[in-house]
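>>> from the sequence below, what's the structure:
(one chain, ligands or ions: 2)
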Amino acid sequence: MVNKKVSKKIKKEEILMRPPVVVVLGHVDHGKSSLLEAIKDFKITSKESGGITQHIGAYEVKMERQPSSANPPTHKVTEGQGKITFIDTPGHEAFSAMRARGAEVADIALLVVDATQSVQPQTKEAILAIKHAGIPMIAVLNKIDLPNANPQKIKGELAKADVIVESMGGTVPSVEVSAKDKTGIDELLEIILLVADMQELKSETEVPAEGLIIESYMDKLKGPVATAIVQKGILKKKDVIATDLAMAKVRSITNFQGKEIEEGLPSQPVIILGFEKVPATGERFKTYQTVEEALAKVKKEESKRELGSTVIDADPAKKIINIILKGDVFGSLEAIEGMLKNLPQDKVVVRILKSEVGDINESDAKLAEMSKAIIIGFRVKVSSTVLQLMKNDMEKKVRIKTFNIIYELIQDVRSGMEKSLEAETIRKDVGKLRTLLVFWGEKNRQIVGGKITEGEFKKGLKLDVVRGDEKVGSGRVVNLQKNKKDVDKLTKGDEAGILFEGNIKIEKGDTIVAYIEERHKGEL
Ligand SMILES: Nc1nc2c(ncn2[C@@H]2O[C@H](COP(=O)(O)OP(=O)(O)OP(=O)(O)O)[C@@H](O)[C@H]2O)c(=O)[nH]1
Ligand SMILES: [Mg+2]
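Residues are numbered from 1 along each chain as shown. Ligands and ions are numbered 1, 2, ... in the order given. As a prediction, the model looks like this:
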């Protein structure tokens, strides 16, 4: 926290040594949140549904000691010294946008790999995001407390993924840690500060504040709430700021722990109140001289884009599932939309009519009723008015489902899509017989002799009778005989007799085609 006296002093400086922003990236469950928890005693893990991080979180850590730097800072030691801003990200595959955004705003990336496991898909994706952002990384091999940890193997795998650690002759520092036992944490922090020192992270302070929104949601009492990282300048209360979507006259600034602060310094994670609408995650904010200027900017952007709806162009012949999506924060909506779009849509199309932060309200229910949409909520509640409506006349018309885990939400939509498809019957030819001899039989039965020219025949199989190029009748196999003995199966090359039952009198020269019908449940 910064008091006014300190910040006045800072403002005199042209350049501020700002703390490094460190993004924690890696595959799901490899221990990113636990690592942050170990670094500072944040109880992040226990708050999450199913232990999976679903939001990006930002945390600030102040080191007790000064950085032990090989290159002492060339600029004056300032408030930022010894501080590190960490951004936690989710490892689940759905959140690639959040990971990319995290890497974009960061100065350094921690690539966390579970040393008992191996380099996984999202490890590789994280590596790409880091390389794309062009920031240095530190490989963190976690869970070395476990007996099956094999950091050496991981280093080899990392090398294959083009991340060559120092001990293997490369340039990427690596450190072995246990988030559980809190070992290796000191060394890790030391390396972070060293890497940061080498970057000489400066920030202009005498410029209008700018930053990146990393999380946002609507709070019933507080209104729109945005978590941001200040990147340039000093954000102050009463500043007028705007993203493309929303403007704010900053009402309050709090640090990540919810303590009110006067100013947000470069690299500092801050929670901003005062937005008129919820800004989207990943948006940049800038400071404006006047409210009019800020509003003009938002208006201009507004006219450029269609707000709040993502409609996938649909072929009218396809089935369409209309969805109204409500979520707790923009980041979740973005992840869910991304995953829904990735569902196969060749036969059934998911159309998101509306995607919005906030609880499920009456207007959602009305839209759902009109458009025959299903309302899907992620970590939101159903408002009491809607609950009342559901009890009364809308009961049968609107379907509402809420979820706490993204994966379950996606699976549910997927199975809904599958159910909307009728089961298909797929016919497969399994054998052919050319008739050489025909015996007249009784009623609708005949004994036919011939040669199996393709595949096989079995009792009970369905049959088509083909004359010339035309199907002239159908039936089934009642019995099979070879060398005058009953058999279960005839295969290609066999000369044999079959007892045919069907709606046609077979003639010499007809081809009898045996087939099976497989019923396939709707497959996307
Ligand atoms: N034994 C051991 N277990 C660990 C260690 N670090 C994390 N874990 C466990 O690994 C599991 C996943 O840890 P998280 O910190 O939630 O992993 P994450 O990478 O943040 O996961 P996502 O946010 O879902 O991507 C939890 O059960 C942790 O208790 C460690 O150093 N040693
Ligand atoms: Mg996590």
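>>> helix, strand, or coil at Ala280?
coil (DSSP: H, G, I helix; E, B strand; the rest coil).
>>> over to Val478?
Val478 - assigned by three-state DSSP - is strand.
>>> what segments of the stretch 151-300 of the chain are strands?
For the stretch 151-300 of the chain, applying DSSP state E, counting those that start in this stretch gives strands covering 174-176, 202-204, 210-219, 223-232, 235-236, 240-242, 247-254, 260-261, 263-264, 269-275, 284-288.
>>> turn those into TSV, columns for mean neighbour count and mean pLDDT.
Backbone N, C-alpha and C define where each C-beta goes, glycine included. Output for those, formatted as TSV (neighbours: other C-beta atoms under 10 Å; pLDDT from 0 to 100):
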stretch	mean neighbour count	mean pLDDT
strand 174-176	22	97
strand 202-204	18	80
strand 210-219	22	87
strand 223-232	22	92
strand 235-236	20	96
strand 240-242	24	97
strand 247-254	19	95
strand 260-261	16	92
strand 263-264	26	94
strand 269-275	23	94
strand 284-288	20	95
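>>> and Phe500, bridged to which residues?
Applying DSSP bridges to Phe500 yields these beta-bridge partners: Gln446, Val477.
>>> what's the burial count for it?
The number of residues packed near Phe500 is 26, by other C-beta atoms under 10 Å.
>>> residues in contact with it?
441, 445-448, 463, 475-478, 506, 512 (C-beta atoms under 8 Å, 6 or more residues apart in numbering).
>>> any chance you could map the helices in the chain?
Ranges of helices within the chain are 4-12, 32-39, 96-105, 121-133, 151-160, 185-199, 291-304, 330-342, 362-371, 384-391, 406-420, based on DSSP state H.
>>> least confident of these, on average?
When these are compared by mean pLDDT, helix 4-12 comes last with a mean of 45.
>>> hang on, the earlier thing: of the helices of the chain, which approaches Val112 most closely?
Closest approach to Val112 among the helices of the chain (C-beta to C-beta): helix 32-39, 4.9 Å.
>>> what does the protein put close to ligand 1?
Neighbours of ligand 1 within the chain, by C-beta under 6 Å from any ligand atom: 26, 28-34, 45, 51-53, 90-92, 142-143, 145-146, 178-180.
>>> which of the residues you listed fall within strands?
26, 142 (DSSP state E).
>>> out of the residues of the chain next to ligand 1, which are buried?
By neighbour count, with 16 or more other C-beta atoms under 10 Å, the residues of the chain next to ligand 1 hold 26, 28-34, 45, 52-53, 90-92, 142-143, 145, 178-180 as buried.
>>> ok, back up a step: weed out the non-buried ones from the contacts of Phe500.
Buried among these (16+ other C-beta under 10 Å): 446-448, 463, 475, 477, 506, 512.
>>> number of residues surrounding the residue lying closest to Val513 once chain neighbours are set aside?
With C-beta to C-beta, 6 or more residues apart in numbering as the criterion, Val513 has its nearest non-adjacent residue at 4.6 Å, and that residue is Asp464. Residues near Asp464, counting by other C-beta under 10 Å, number 20.
>>> for Asp464, report the pLDDT, please.
Each residue has a pLDDT score; the one for Asp464 is 95.
>>> ok, what's across the strand from it?
Counting by DSSP bridges, the residues bridging with Asp464 are Ser474, Val513.
>>> so it versus Gln117, what's the distance?
54 Å (C-beta to C-beta, to the nearest Å).
>>> do the same with Lys319
Applying C-beta to C-beta to Lys319 and Gln117 gives a distance of 40 Å.
>>> those two - which one has more neighbours?
Gln117 (19 against 15).
>>> and the more buried one, backbone torsions?
phi -110, psi -130 (degrees, to the nearest 10).
>>> distance of it from Glu187?
21 Å.
>>> tell me what the residue nearest to Leu367 when sequence neighbours are not counted is bridged to.
The shortest distance from Leu367 to any non-neighbouring residue, by C-beta to C-beta, 6+ apart, is to Ile324 (6.0 Å). Listed beta-bridge partners, Ile324: Lys354, Ile375 (assigned using DSSP bridges).
>>> Ile324 contacts Gly377, doesn't it?
No: assessed by C-beta atoms under 8 Å, Ile324 is found out of contact with Gly377, at 9.0 Å.
>>> could you report the neighbour count for the closest residue to Leu409 other than its chain neighbours?
Distance criterion C-beta to C-beta, 6+ apart; nearest residue to Leu409, sequence neighbours excluded, is Phe403 at 4.0 Å. Using other C-beta under 10 Å, Phe403 is surrounded by 20 other residues.
>>> Phe403 pairs with what?
Beta-bridge partners, per DSSP bridges, of Phe403: Phe378.
>>> so who does it touch?
Per C-beta under 8 Å, 6+ apart, neighbours of Phe403: 376-379, 409, 412.
>>> do that again at 10 Å, thanks
Going by C-beta atoms under 10 Å, 6 or more residues apart in numbering, Phe403 touches 49, 327, 336, 376-380, 409-413.
>>> how close does it get to Glu210?
35 Å.
>>> now swap in Gly282 and tell me
Gly282 is 14 Å from Glu210, by C-beta to C-beta.
>>> walk me through which strands the lengthiest strand in the chain pairs with, and which way each runs.
The longest strand of the chain (DSSP E) is strand 424-439. Strand 424-439 pairs in its sheet with strand 445-458 (antiparallel), strand 511-520 (antiparallel), by DSSP bridges.
>>> rank the ones you listed by pLDDT, which is bottom?
Going by mean pLDDT, the lowest-scoring of the strands paired with strand 424-439 is strand 511-520, which has a mean of 89.
>>> centre of the chain versus it, how much separation?
42 Å (C-alpha atoms, centre = their mean, to the nearest Å).
>>> for it, buried residues please.
For strand 511-520, by 16+ other C-beta under 10 Å, it's 511-515.
>>> got it, and stretch 105-124?
Those would be 105-117, 119-120, 122-124, for stretch 105-124 by 16+ other C-beta under 10 Å.
>>> same question, stretch 499-511
499-502, 504, 506, 510-511.
>>> sorry, back to before: ok, the residue nearest to Leu367 - how many residues close by?
Using other C-beta under 10 Å: Ile324 sits among 23 other residues.
>>> what's the closest non-adjacent residue to the residue in the chain sticking out farthest from the centre?
Within the chain, the residue lying farthest from the chain centre (C-alpha atoms, centre = their mean) is Trp440, at 66.6 Å. Ranked by C-beta to C-beta, 6+ apart and with sequence neighbours excluded, the top spatial neighbour of Trp440 is Gln446, at 6.8 Å.
>>> for Gln482, which residues count as its bridge partners?
In this structure residue 482 is Lys, not Gln. With DSSP bridges as the rule, Lys482 is bridged to Lys485.
>>> so what's it up against?
452, 489-491, 494-498.
>>> these two touch, right, Val513 and Ser474?
Yes: in this structure, Val513 is within contact of Ser474 by C-beta atoms under 10 Å, at 9.4 Å.
>>> okay, and the common contacts of the two?
462-465.
>>> follow-up on the earlier one: quick one: closest of the strands of the stretch 151-300 of the chain to ligand 2.
strand 210-219 (14.2 Å; C-beta to the ion).
>>> if I look at the residue lying closest to Gly57 once chain neighbours are set aside, how far off is Gly31?
Nearest residue to Gly57, sequence neighbours excluded (C-beta to C-beta, 6+ apart): Asp88, at 4.5 Å. Taking C-beta to C-beta as the measure, Asp88 falls 11 Å from Gly31.
>>> perfect, I'm done here.
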